[in-house]
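Student: Next come a sequence and a model predicted from it.
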Amino acid sequence: GENVEQHPSTLSVQEGDSAVIKCTYSDSASNYFPWYKQELGKGPQLIIDIRSNVGEKKDQRIAVTLNKTAKHFSLHITETQPEDSAVYFCAVPWGDAGGTSYGKLTFGQGTILTVHP
Amino acid sequence: NAGVTQTPKFQVLKTGQSMTLQCAQDMNHEYMSWYRQDPGMGLRLIHYSVGAGITDQGEVPNGYNVSRSTTEDFPLRLLSAAPSQTSVYFCASSGLAGEQFFGPGTRLTVL
């Protein structure tokens, strides 16, 4: 199956700073790269995703960058706020999904982000 | 529109007992999946379905069965619970766009 490595495992920043989380993957056929946010006691929620035909996507304070040659993609959060504190997961399609998701994902190990006021 | 719902929220079982975790979605999604989440290991795919009547194994299928008789429902069955199945279980559904919507989870403890 797909191998996904996520770093760092924990990240502590001051409010207003930027946070960057990086994931590397092994299957070059992957072409869908989502990021999920999980708050305590809840299920993961998609916050941003990118497909391999673009190198960057932004949504307000959140952005994702993709380097298909190097097989890594990163989540960037700018102007962090205390409510950004959560666990963040990257994911890639699992198995023979043909590069898309279709309901099958392999997740990274997660990053615990803490934003201090 | 409730999205993805899961029952129960919490469950304690004894080793060897069986139970079914329920999952339902009201978004008319074709794809549904079950994941388990253990500390420090992210989420791992147990079983998935690409439509009613069609299921397949994921990364960690042993000890679990699934069926998909309708588009809306995708129950997960533990036939003989083991302590290694203590985990938080998430059900998810997605359409062709790929975005997965997760339920609130079931926290299962096997003694």
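Tutor: Arrived safely. Numbers count the residues shown, from 1 in each chain, chains lettered A, B, ... in the order given.

Student: which residues touch stretch A:44-52?
Tutor: Stretch A:44-52 is contacted by residues A:30-39, A:56-57, A:59, A:62-64, A:66, A:68, A:73, A:75, A:88-89, A:99, B:43, B:90, B:98-102 when judged by Cβ atoms under 8 Å, 6 or more residues apart in numbering or on different chains. (Glycine included, C-beta is placed from N, CA and C.)

Student: rerun at 6 Å
Tutor: Applying Cβ atoms under 6 Å, 6 or more residues apart in numbering or on different chains, the contact partners of stretch A:44-52 are A:31-38, A:57, A:59, A:62, A:64, A:66, A:68, B:99, B:102.

Student: tell me which of the residues you listed is nearest to residue A:8?
Tutor: For the contacts of stretch A:44-52, the residue nearest residue A:8 by Cβ to Cβ is residue A:35; the value is 14.9 Å.

Student: Sheet partners, orientation included, of the helix or strand that contains the closest one?
Tutor: Residue A:35 belongs to strand A:32-38 when elements are defined using DSSP states H and E. Strands that pair with strand A:32-38, judged by DSSP bridges, come out as strand A:45-51 (antiparallel), strand A:86-93 (antiparallel).

Student: Residues contacting the following helix or strand past the first one, please?
Tutor: Remark: after strand A:45-51, the chain's next helix or strand is strand A:56-59, criterion DSSP H and E. Residues outside strand A:56-59 that contact it (Cβ under 6 Å, 6+ apart) are A:48, A:50, A:64-65.

Student: can stretch B:67-86 be found next to chain A?
Tutor: No - judged by Cβ under 6 Å from any Cβ of the partner chain, stretch B:67-86 makes no contact with chain A; its nearest approach is 10.2 Å.

Student: now do stretch B:28-43
Tutor: Yes - for stretch B:28-43, a contact with chain A is found by Cβ under 6 Å from any Cβ, at B:31, B:33, B:42-43.

Student: any idea which of those residues is closest to residue B:54?
Tutor: residue B:31 (10.0 Å).

Student: what are the bridge partners for the closest one, then?
Tutor: According to DSSP bridges, the partner residues bridging residue B:31 are residue B:94.

Student: isn't it right up against residue B:94?
Tutor: Yes - with contact defined as Cβ atoms under 6 Å, residue B:31 counts as touching residue B:94 (4.6 Å).

Student: Now the common contact residues for these two.
Tutor: In contact with both residue B:31 and residue B:94: residue A:103, using Cβ under 6 Å, 6+ apart.

Student: Please name the bridge partners of the closest residue to residue A:63 other than its chain neighbours.
Tutor: For residue A:63, ignoring the flanking residues on the chain, the nearest one in space by Cβ to Cβ, 6 or more residues apart in numbering or on different chains is residue A:76 at 4.4 Å. Judged by DSSP bridges, the bridge partners of residue A:76 are residue A:20, residue A:63.

Student: returning to that earlier point: out of the strands paired with strand A:32-38, which one sits most buried?
Tutor: Of all these, strand A:86-93 carries the top mean neighbour count, a mean of 25, counting by mean count of other Cβ atoms under 10 Å in any protein chain shown.
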